[in-house]
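> Below are the sequence and a predicted model; questions follow.
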Amino acid sequence: QLQLVESGGGLVQPGGSLRLSCVASGDMFEYHVIAWFRQAPGKEREAVCRISSSGRATDYADSVKGRFTISRDNAKNTIYLQMNNLKPEDTAVYYCAASGFVSTDRWHQQTSYNSWGHGTQVTVSS
């Protein structure tokens, strides 16, 4: 399993941008699928996006399509989440998650991942 540490969260005004990072330690990072999830107060954790091990394939939740971009740098064992045009409803704790294999049709399920970070808080407010 990988160890994952997120960073980059903070307070931003609506319409603003943030870039989250997730640094992984452990073996074979380049063979893992990585996803971002988020959990807002009083709500269940939900999938935001995922990226394949090669970085060539991505998926996004409808709520963030066109605003968020996931990318990875396998040389740095790092995943990025660029978030633009942020909205108050994007306020949540953001988690990265990893797995050696994830079915394409199950990328949004928490049970597909066996490594999790501790999260970073993103607050969108004026």
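Ah, there it is.

> Mind listing the residues bridging to the closest residue to R19 other than its chain neighbours?
Leaving aside its sequence neighbours, R19 sits nearest to Q82 (CB to CB, 6 or more residues apart in numbering; 5.1 Å). For glycine as for every other residue, the C-beta is placed from the backbone atoms N, C-alpha and C. Beta-bridge partners for Q82, by DSSP bridges, are R19, T69.

> Please report phi then psi for the spatially most central residue of the chain.
Taking CA atoms, centre = their mean, the centroid of the chain lies closest to W36, which sits 2.1 Å from it. Dihedral angles of W36 (phi, psi; degrees, to the nearest 10) stand at phi -110, psi 130.

> Next up, the contacts around it.
Residues in contact with W36 (CB atoms under 8 Å, 6 or more residues apart in numbering) are 20, 22, 47-50, 70, 79, 81, 94-97.

> Over to V33?
50-53, 98-102, 107.

> go on, H118?
5-6, 95.

> A helix includes it, no?
No - counting by DSSP: H, G, I helix; E, B strand; the rest coil, H118 falls outside a helix, being coil.

> what about it, distance to P41?
17 Å (CB to CB, to the nearest Å).

> Please apply the same query to S71.
28 Å.

> Same question for N84.
Counting by CB to CB - N84 and P41 are separated by 23 Å.

> what's the answer for L4, then?
22 Å.

> Then W116?
From W116 to P41 the distance is 19 Å (CB to CB).

> now swap in S99 and tell me
For S99, the distance to P41 - CB to CB - is 27 Å.

> so N84 touches V64, yeah?
No - counting by CB atoms under 8 Å, N84 stays clear of V64, with 9.8 Å between them.
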